[in-house]
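J.: Quick one: sequence and predicted model below, then my questions.
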Amino acid sequence: MDKMLKSFVKDGIKDALQSKLGGSGNQNQHQGSSGYNQGGNMNYGGGYNNQGSGYNQGGGYNQGYPQQGGGYPQQGGGYPQQQQQPYGNQGGYNQGYPQQGGGYPPQNQGYGQQPQPPYGQSSYPGQDSGPGYPTGNQGSFPTYPTGPNAGYPPQQSQSGYGGYPQNAQPPPPAQQAQYMGHGYYPNAGPPQMGGNYPPMGGGNYNQQGPPMQGNPSVRPFPGFNANMDAESLRKAMKGLGCNNTQVIAVLCARTAWQRQEIAKAFKVMYGKDLIKELKSELHGDFEELVLALMDPPAVYDAKQLNKAMDRIGTKEHTLIEIMTTRTNQQIYEIKQAYRALYGKDLEKELIGETSGFFKRLLVSLCAGGRDESGMVDGLRANQDARKLYQAGEKRLGTDEVAFNAILASQNFNQLRAVFDEYQKVTNHPIERAIESEFSGDIRDGLMAVVMVARNRPGYFAKMLYDSMKGFGTRDTDLIRVCVTRAEYEMADIRVAFQQMYKTSLENTIKGDCSGSYKDGLIALVRGNVPN
């Protein structure tokens, strides 16, 4: 009995032990399997991670996904870590993107920091860009003696009709678009004080060429209010007759841009076109003066060129004046306005109306390719002076191409240096060589370039004097110079006129003109700038 009991107990314990030992073996097998997987993850996933991959570990669905309720976050975070290895240090997409909000900004910073200068602005401006023009200093009016571009003091570059005169206040974008529609130059848009026509707000003419710098007589009117001016003009024209004095007080004391704003305000307030109203109220030369003031500068120049070529006999002096004194940007804008007004190409029109080397000179100027950097190269100046001597006085006959190539392409500062070197080489001024080697229109054109380079205000002073000397007055020329130069250098022209002719420009106008026409011209000459 005792043996049977012991045997029973022993067998039971043995079975229990075996049962217990068997379960433990299965568990070990599972653990081994789990360990295998884990080991696999460690060997592969961990290995890759150490190498900058983390592919298996980050992508281990069974382990990471269930426990974290979405391995995606870890995987998403895993990218930055992967790129922190070799790729991260090299600007990997994932790393740079999240941390920098998209690695793009840093990569593109170069654009923002060093934007490409607009066309025309040149760096038309040593171009003050220049606009010319100036390098960005668009809009200062250095004194003539030191001015670099356009025979002026250093012109700072980048812009359109010579950039609006200094202190010009560029119009808002919407207004700019409107003026372009009116025939304003495409890039005239807020003037960059550099080679364009003055932004219709006064100052130097505006994008891409050096600004024509000088001392204007008319600057942006302080406290300008287009609605008040429109109302004042309406009252001046209401009832019988027209109060010309009031018309002069408003229009001759505002800049081109401000006059365009007045015209717009007039139409909005009264539902009438200001220019048509002025035409119906005014007459004679005074009407011509006021209508000239109401045209955007590029449009006015285009009309003047067309008028000079439109009748029997071309008025070459008008072509010469405009083509030799406008900046590259202004010439571009004139060509655009000309095509818009007449559906014709200005260069082709000039070719059809002129001939010989004068035609070549105008075509060269119409290309608008003059250097406007204002930089001077003394060695080159000496070489070019010798080229001009060899092309003219030193030989039998004249090589007109050499004169055209130099005088139509180099900036005015450089040309002055060439003229100085010519004087040293030949012991006489280049003007004498041009007078003896050329004749007719080509002589007048080359002489104009020389005078504009040497003394721009003096050139316009002579134009004004010639328009009033002798019997009768060339009113179109007189109006053109007074209207187009008021926002540029009229104050300098007054001084030059006095020095050259020993009488004041104002007194000369008084002696040659009369009535409201005289008063309007004098208002532009005096300007709205306190003396």
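T.: Cool, the structure landed.
J.: any idea which element T476 lies in?
T.: Using DSSP states H and E, T476 sits within helix 475-485.
J.: Which residues does the helix or strand just after that helix contact?
T.: Secondary structure here is assigned by DSSP H and E; on that basis, the next helix or strand after helix 475-485 toward the C-terminus is helix 490-501. Contact with helix 490-501 is made by 144, 214-218, 455-458, 460-462, 464-465, 481-482, 485, 503-506, 508, 524-525, 527, 529, as judged by CB atoms under 8 Å, 6 or more residues apart in numbering. To be clear about C-beta, it is placed using only N, CA and C from the backbone, and glycine gets the same treatment.
J.: For the stretch 251-400 of the chain, just list every one of the strands.
T.: Shown for the stretch 251-400 of the chain, no strands are assigned by DSSP state E, counting those that start in this stretch.
J.: Report all helices and strands that the helix holding T476 contacts.
T.: helix 284-294, helix 297-310, helix 316-325, helix 456-468, helix 490-501, helix 515-526 (3 or more CB pairs under 8 Å, 6 or more residues apart in numbering; DSSP states H and E).
J.: Tell me which residues touch F224, please.
T.: For F224, the contacting residues are R254, Q258, E261, by CB under 8 Å, 6+ apart.
J.: can you list contacts of stretch 406-422?
T.: The list of residues contacting stretch 406-422 from outside it, by CB under 8 Å, 6+ apart, reads 126, 148-152, 154, 361, 364-365, 369-378, 380-382, 384-389, 429-430, 433, 446, 449-450, 452-454.
J.: Could you list the buried residues of it?
T.: Counting neighbours by 16 or more other CB atoms under 10 Å, one finds that the buried residues in stretch 406-422 are 406-408, 410-422.
J.: Of the residues you listed, which is the nearest to K394?
T.: Using CB to CB, Y422 is the member of these that sits closest to K394, with 11.9 Å.
J.: low-confidence ranges in the stretch 201-350 of the chain?
T.: Residues of the stretch 201-350 of the chain meeting the criterion pLDDT under 70: 201-213.
J.: Mind doing that once more with 50?
T.: Low-confidence segments of the stretch 201-350 of the chain, defined by pLDDT under 50, span residues 201-211.
J.: can you map out the helices along it?
T.: Per DSSP state H, counting those that start in this stretch, the stretch 201-350 of the chain has helices spanning 226-237, 244-251, 256-270, 274-281, 284-294, 297-310, 316-325, 328-342, 346-353. These are given in chain order.
J.: Can you tell me which of these is packed in deepest?
T.: Scoring these by mean neighbour count under mean count of other CB atoms under 10 Å gives helix 328-342 as the most buried, with a mean of 25.
J.: now the angle from that one to helix 346-353?
T.: Using axes from the mean of the first three to the mean of the last three CA atoms, to 10 degrees, the direction of helix 328-342 lies 80 degrees away from that of helix 346-353.
J.: same for helix 328-342, what does it pack against?
T.: helix 297-310, helix 346-353, helix 356-366.
J.: so I262 sits right up against A253, yeah?
T.: No: counting by CB atoms under 8 Å, I262 stays clear of A253, with 11.3 Å between them.
J.: Let's have the helices of the stretch 201-350 of the chain in CSV, adding distance to E400.
T.: As requested, the helices of the stretch 201-350 of the chain are exported to CSV (distance: least, CB to CB, whole Å):
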stretch, distance to E400
helix 226-237, 50
helix 244-251, 44
helix 256-270, 37
helix 274-281, 44
helix 284-294, 35
helix 297-310, 22
helix 316-325, 16
helix 328-342, 22
helix 346-353, 17
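J.: which one of the ones you listed lies closest to S439?
T.: Nearest to S439 among those is helix 316-325; the distance by CB to CB comes to 13.0 Å.
J.: Which elements pack onto the closest one?
T.: With contacts defined as 3+ CB pairs under 8 Å, 6+ apart, the secondary structure elements packing on helix 316-325 are helix 297-310, helix 356-366, helix 440-454, helix 456-468, helix 475-485.
J.: which helices and strands does the third one pack with?
T.: Using 3+ CB pairs under 8 Å, 6+ apart as the contact criterion, the elements in contact with helix 440-454 are helix 316-325, helix 356-366, helix 400-407, helix 412-426, helix 430-437, helix 456-468.
J.: List the contacts of it.
T.: Helix 440-454 is touched from outside by 150-151, 316-317, 320-321, 324-325, 354, 356-358, 361-362, 400, 403, 407-408, 412, 415-416, 419, 430-431, 434-435, 438, 458-459, 462, with contacts defined as CB under 8 Å, 6+ apart.
J.: could you redo the last one with a cut-off of 6 Å?
T.: Contact with helix 440-454 is made by 151, 316, 320, 324-325, 357-358, 361, 407, 412, 415-416, 434, 459, as judged by CB atoms under 6 Å, 6 or more residues apart in numbering.
J.: Now the helix holding T476: average pLDDT?
T.: Confidence over helix 475-485 (mean pLDDT, whole number) is 98.
J.: Contacts for it, please.
T.: Helix 475-485 is touched from outside by D285, E288, L289, A292, L293, Q304, F460, M463, L464, S467, L521, L524, with contacts defined as CB under 6 Å, 6+ apart.
J.: R326: neighbouring residues, count only.
T.: Number of residues near R326 (other CB atoms under 10 Å) recorded here: 29.
J.: cool, V425 as well?
T.: By the measure other CB under 10 Å, the count of residues near V425 is 16.
J.: That one against A385, yeah?
T.: Yes: using CB atoms under 6 Å, V425 and A385 qualify as a contacting pair, with a distance of 5.3 Å.
J.: Okay, domains of the protein per the record?
T.: Each domain of the chain is listed here as a residue range: 226-294, 378-526, per automatic domain parsing.
J.: how many neighbours does the residue lying closest to G356 once chain neighbours are set aside have?
T.: Closest residue to G356 in three dimensions, ignoring its sequence neighbours and counting by CB to CB, 6 or more residues apart in numbering: I442, at 6.5 Å. Counted with other CB under 10 Å, residues neighbouring I442 total 25.
J.: that older thread, select, out of the helices and strands packed on helix 475-485, the one closest to A249.
T.: Within these, the stretch nearest A249 is helix 515-526; the backing value is 7.9 Å (CB to CB).
J.: tell me which residues in that closest one are buried?
T.: Of the residues in helix 515-526, S516, Y517, K518, D519, G520, L521, I522, A523, L524, V525, R526 count as buried by neighbour count, 16+ other CB under 10 Å.
J.: got the angle between it and helix 244-251?
T.: Following the same axes, to 10 degrees, one obtains 30 degrees for the angle between helix 515-526 and helix 244-251.
J.: which other helices and strands contact helix 515-526?
T.: Counting contacts by 3 or more CB pairs under 6 Å, 6 or more residues apart in numbering; DSSP states H and E, the secondary-structure elements packed against helix 515-526 are helix 244-251, helix 284-294, helix 505-512.
J.: Report the inter-axis angle for that helix versus helix 456-468.
T.: What separates the directions of helix 515-526 and helix 456-468 is an angle of 170 degrees, with the same axes, to 10 degrees.
J.: what's the angle between helix 515-526 and helix 490-501?
T.: Following the same axes, to 10 degrees, one obtains 100 degrees for the angle between helix 515-526 and helix 490-501.
J.: average pLDDT for helix 515-526?
T.: Taken as a whole, helix 515-526 carries a mean pLDDT of 98.
J.: ok and that helix relative to helix 284-294, angle-wise?
T.: Relative orientation of helix 515-526 with respect to helix 284-294: 40 degrees, computed using the same axes, to 10 degrees.
J.: Name the surrounding residues that touch helix 515-526.
T.: By CB under 6 Å, 6+ apart, the residues outside helix 515-526 that reach it are N244, I248, C252, D285, F286, L289, C482, A486, L505, E506, I509.
J.: What of stretch 389-402?
T.: With contact meaning CB under 6 Å, 6+ apart, stretch 389-402 is reached by F357, K387, V425, T426, A433, E437.
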